[in-house]
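Q: Would you be able to build a 3D model of this:
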Amino acid sequence: MPNTDGEESEMVKEMIQSSGDTRGGGENVSTTEYGGNGRDNVATSREEGQSQMDRNLTDPINTQLKSAHMKTPEPGEHTPFSDEGDELLSFSPSEMSERHTPVLTDGKGDVEDDDSGWDTDLDIETEETKEVYDATGKNVYMQACKDAGVVPVSHILRHITTNKIIMKHHGLGPAGAKAIAVPLVTNTTVLTLDLEDNWIEGDGASYLADMLKENCYISDLNLAENRMGSKGAKAMSDMLVDNTSIRKLNLAGNNFKDRDAEYFLEAVKNNYRIRDLNLSHNEFAEIGGEILGAAIAATESLSHLNLSWNHLRRKGAIAVCRGMAENLSIKELNLSWNGLGNEGSLAMAETLKFNSTLQELDMTNNRITNEGALVMSKGLEVNDSLKVLRFGYNPLTAAGAMALLLAIKNNSNSALELLDLSEVVINSDCVAVLEEIQQMRSNFEMLHKGAVGKFAKPPVEEVDPVKVLHTYIESKNMRVWDLFRAYDKDKSMTVSHEEFKKGIEASGIPLKPRAINRLIDMLDKDGDGEIDYSELVSGQKDLVAANRQERRDQMTRISDSRKTAIYKPVVEQYSNLKISSLRQSLSPDRKMKVNETIRPDVKTWDEFGHRAEEVNEAVRSLDNTVDFITSAGTKYSKEEDFLLKTMDPARPRSARSPTPVHAMVDQSRGRSATKKSATKK
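A: As a prediction, the model looks like this:
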């Protein structure tokens with residue numbers, strides 16, 4: 001053995017002497033410095049040195065024994081324990097010293113101060129690996145890509161610390177969406193996330209929805225054209241219930257069906273933060289439209305809603321319009337490229353009477369004919385909030401355009417600034433009305449394809465002089481007897497034709513000489529050249545009977561209108577409209593106009609002029625909208641009359657007079673045919 005007992009004793013002595021004679025950097029220490037006599041101090045130092053050495057000798061051994069006891073030995077490996085009973089093997093002090101107490105010297109026999117050779121845990125510092133927080137999320141994204149088995153996208157790494165990530169048309173798929181969602185859970189910089197056309201499907205939508213339940217910074221989300229389907233619709237709906245940061249959401253082109261509208265109904269009802277929702281280019285039809293109509297009526301936060309390029313028609317289209325009648329938040333509504341038809345136009349006309357928040361309406365390309373334009377004009381007569389109306393690419397003629405222009409012209413409170421009639425050909429009469437409107441409102445603009453020809457207006461209709469006389473008597477609160485006595489100067493109970501003419505002119509009754517002559521011929525039934533009191537009273541009775549007949553005819557028209565294809569589905573949904581509550585939010589002028597459009601009849605009339613069932617205000621308002629032929633004294637009855645003659649839907653197309661555009665086409669075809677025949681000859 002290299003170390004003997006004598007050498008070990010010598011080493012102990014040197015250590016005791018060193019501990020007693022030196023301090024700090026090797027300076028000599030006096031024995032009297034610590035007080036007492038030097039002998040006691042030396043003895044004390046020896047005892048401390050011996051104790052320290054014992055600890056130095058013992059601790060490494062115990063440490064190694066403990067580690068060996070805990071460690072499972074490899075085959076053939078020597079352990080300090082026996083195979084029989086796990087008893088500690090015996091070592092002599094010299095062997096233990098040799099194995100566990102190496103002595104380091106500096107080559108001169110002196111012990112070095114460096115104790116790096118000692119097997120001790122006193123000086124070992126365990127270095128724990130500290131995870132550095134990745135604020136950017138780049139490392140998290142790289143790890144997520146590795147876990148998902150996708151290639152990291154450099155665009156994400158470059159823009160994850162900015163406020164926008166725009167990743168259109170990258171083909172991420174569900175796995176790529178999952179990798180992006182992981183770092184965005186804790187991201188605080190990205191405010192706009194655009195993943196349009198990446199085919200993330202329903203699974204990818206679920207990953208992003210889970211992320212958005214935790215992320216409260218993203219406010220603009222575009223997930224259009226991603227084929228989410230029903231699974232994605234449900235995921236987005238659940239997310240909107242919990243999320244409070246999304247303001248703008250684009251879910252266009254995701255193959256949503258009618259059944260998926262239920263998810264968005266719940267989301268819109270419970271989310272009070274979202275402002276802009278795009279559900280265009282999906283497959284919502286009648287059932288989906290009815291559900292979305294309920295959502296529109298319930299929402300209080302949406303201001304922009306895009307439902308274009310769906311299959312909304314019939315009951316679905318009417319339900320959407322019905323929801324807008326009760327909505328108080330939507331300012332911009334896009335219903336273009338659906339199938340609203342004339343019934344949808346009628347429903348929207350009723351809505352425009354009561355809605356006071358809608359500012360921009362797009363009904364482009366919805367198969368609306370001139371009849372639909374005419375009923376829409378009834379809503380424009382009353383509305384004072386709509387600023388933009390897009391009505392182009394519908395099968396309209398100049399008659400439909402004229403109906404809309406006349407409504408705008410006659411509504412002094414109209415706020416309309418743009419009327420878009422793209423691809424609609426108008427005529428010179430429409431241009432004249434347009435110029436009149438622009439003189440009153442210089443900011444008004446109308447888009448159209450061009451102007452050709454003008455209306456073939458019907459002959460001027462002569463007024464009924466008996467009706468004019470009756471109106472005058474009622475306006476002056478007079479009796480027929482009072483009028484007759486004023487004209488009968490000689491008290492003969494008869495009035496000559498000349499006296500009657502002078503009396504009419506003196507009274508200021510607005511009748512021209514020709515109309516006065518017609519009135520005299522109508523009253524002088526026996527032709528004796530004089531008008532007696534009985535003849536005047538008989539004429540009054542005939543007028544009353546004529547008014548009654550006109551009233552019956554009017555109610556017959558209303559009864560017939562309720563049987564039409566456009567009225568019946570609309571009245572089914574609008575009959576329960578609470579007009580009394582909707583009227584409270586209207587301006588005084590508009591409230592007065594609404595009251596004028598509601599017929600005073602509490603009951604309807606059948607075709608025989610008899611009172612039938614009682615109807616509410618909503619039905620009476622709808623009756624006014626579909627009653628195209630207005631009574632005397634109302635606005636532009638003549639204009640409506642010639643418009644109806646121009647676009648009478650009851651007549652077959654072949655029986656109609658050709659429009660100026662058709663005439664031009666026919667002429668051009670005739671010229672081309674003539675040229676071809678001449679060329680052949």
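
Q: which residue ranges form the helices in the stretch 101-250 of the chain?
A: Ranges of helices in the stretch 101-250 of the chain, per DSSP state H, counting those that start in this stretch, are 138-148, 154-159, 173-184, 201-214, 229-242.

Q: give the contact list for N547.
A: N547 sits next to K467 when contact means Cβ atoms under 8 Å, 6 or more residues apart in numbering. Bear in mind the C-beta positions are built from the backbone N, C-alpha and C, glycine included.

Q: For it, give me the pLDDT.
A: We have a pLDDT of 73 for N547.

Q: Distance of P588 relative to S385?
A: 15 Å (Cβ to Cβ, to the nearest Å).

Q: what number of residues lie near the residue nearest to T188 when sequence neighbours are not counted?
A: Closest residue to T188 apart from its sequence neighbours, by Cβ to Cβ, 6 or more residues apart in numbering: Y217 at 5.4 Å. Residues lying near Y217 (other Cβ atoms under 10 Å) number 15.

Q: cool, and R314?
A: Residues near R314, counting by other Cβ under 10 Å, number 18.

Q: Looks to me like L305 is in a strand.
A: Yes. Assigned with DSSP: H, G, I helix; E, B strand; the rest coil, L305 falls within a strand.

Q: quick one: contacts for it?
A: Contacts of L305 (Cβ under 8 Å, 6+ apart): 277, 279, 296, 330, 332-334.

Q: Among the residues you listed, which one lies nearest to N226?
A: L279 (13.4 Å; Cβ to Cβ).

Q: State the distance from the closest one to I296.
A: 11 Å.

Q: show me what contacts the residue lying closest to A401 once chain neighbours are set aside?
A: For A401, ignoring the flanking residues on the chain, the nearest one in space by Cβ to Cβ, 6+ apart is I426 at 4.7 Å. By Cβ under 8 Å, 6+ apart, the residues touching I426 are 398, 401-402, 448-451.

Q: again with K213
A: The contact partners of K213, taken as Cβ under 8 Å, 6+ apart, are 239, 242-243.

Q: would you turn those into TSV with neighbour count, distance to A224 and pLDDT?
A: Converted to TSV, those look like this (neighbours: other Cβ atoms under 10 Å; distance: Cβ to Cβ, whole Å; pLDDT from 0 to 100):
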residue	neighbour count	distance to A224	pLDDT
M239	22	16	95
D242	12	22	92
N243	23	18	93
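
Q: Just send those back as CSV, with distance to L421 too.
A: Output for the contacts of K213, formatted as CSV (distance: Cβ to Cβ, whole Å):
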residue, distance to L421
M239, 41
D242, 45
N243, 41
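
Q: ok, so of the residues you listed, who is nearest K476?
A: Using Cβ to Cβ, N243 comes nearest to K476 of the contacts of K213, at 69.6 Å.

Q: Wait, the closest one touches N271, no?
A: Yes. Using Cβ atoms under 8 Å, N243 is in contact with N271, at 7.4 Å.

Q: can you pull out the strands in the stretch 351-500 of the chain?
A: 360-362, 388-390, 418-420, 425-426, 445-447, 450-451, 494-496 (DSSP state E, counting those that start in this stretch).

Q: Show me what counts as buried in the last one.
A: Just to be clear, that refers to strand 494-496. Across strand 494-496, burial judged by 16 or more other Cβ atoms under 10 Å covers 494-496.

Q: Which elements pack onto it?
A: The criterion is 3 or more Cβ pairs under 8 Å, 6 or more residues apart in numbering; DSSP states H and E, and the helices and strands that strand 494-496 contacts are strand 530-532.

Q: Neighbouring strands of the strand it packs on in the sheet, and parallel or not?
A: strand 494-496 (antiparallel) (DSSP bridges).

Q: now the helices of the stretch 101-250 of the chain in JSON lines, with distance to A261?
A: Output for the helices of the stretch 101-250 of the chain, formatted as JSON lines (distance: least, Cβ to Cβ, whole Å):
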{"stretch": "helix 138-148", "distance to A261": "32"}
{"stretch": "helix 154-159", "distance to A261": "33"}
{"stretch": "helix 173-184", "distance to A261": "24"}
{"stretch": "helix 201-214", "distance to A261": "17"}
{"stretch": "helix 229-242", "distance to A261": "9"}
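
Q: okay, those, which one's buried deepest?
A: Of all these, helix 173-184 has the most neighbours on average by mean count of other Cβ atoms under 10 Å, namely a mean of 23.

Q: Quick one: mean pLDDT for that one?
A: The model assigns helix 173-184 a mean pLDDT of 96.

Q: so S230 touches D258, yeah?
A: No. Here S230 lies out of contact with D258, judged by Cβ under 8 Å, at a distance of 10.6 Å.

Q: Let me know the pLDDT of the closest residue to S428 other than its chain neighbours.
A: Closest residue in space to S428, ignoring its immediate chain neighbours: K454 at 4.4 Å, by Cβ to Cβ, 6+ apart. pLDDT, K454: 81.

Q: ok so, going back, okay but the residue nearest to T188 is in contact with T186, surely?
A: No. Counting by Cβ under 8 Å, Y217 stays clear of T186, with 10.0 Å between them.

Q: G527: which of the helices of the stretch 101-250 of the chain is closest?
A: Closest to G527 of the helices of the stretch 101-250 of the chain is helix 229-242 (Cβ to Cβ; 81.9 Å).

Q: do you know how far G232 is from A224?
A: 12 Å.

Q: shared neighbours, the two?
A: Contacts common to G232 and A224, judged by Cβ under 8 Å, 6+ apart, are N254.

Q: Can you report how many residues lie near the residue nearest to S428?
A: Residues lying near K454 (other Cβ under 10 Å) number 15.

Q: The residue nearest to L191 when sequence neighbours are not counted: how many residues sit nearby?
A: In this structure, L191 finds its nearest non-sequential neighbour in N163, 4.5 Å apart by Cβ to Cβ, 6+ apart. Residues lying near N163 (other Cβ under 10 Å) number 13.

Q: and if you look at V268?
A: Counted with other Cβ under 10 Å, V268 comes out at 23.

Q: buried residues in the helix or strand encompassing it?
A: For V268, the host element (DSSP states H and E) is helix 261-270. Buried residues in helix 261-270, counted by 16+ other Cβ under 10 Å: 261-268.

Q: One more: stretch 346-360?
A: 346-356, 358, 360.
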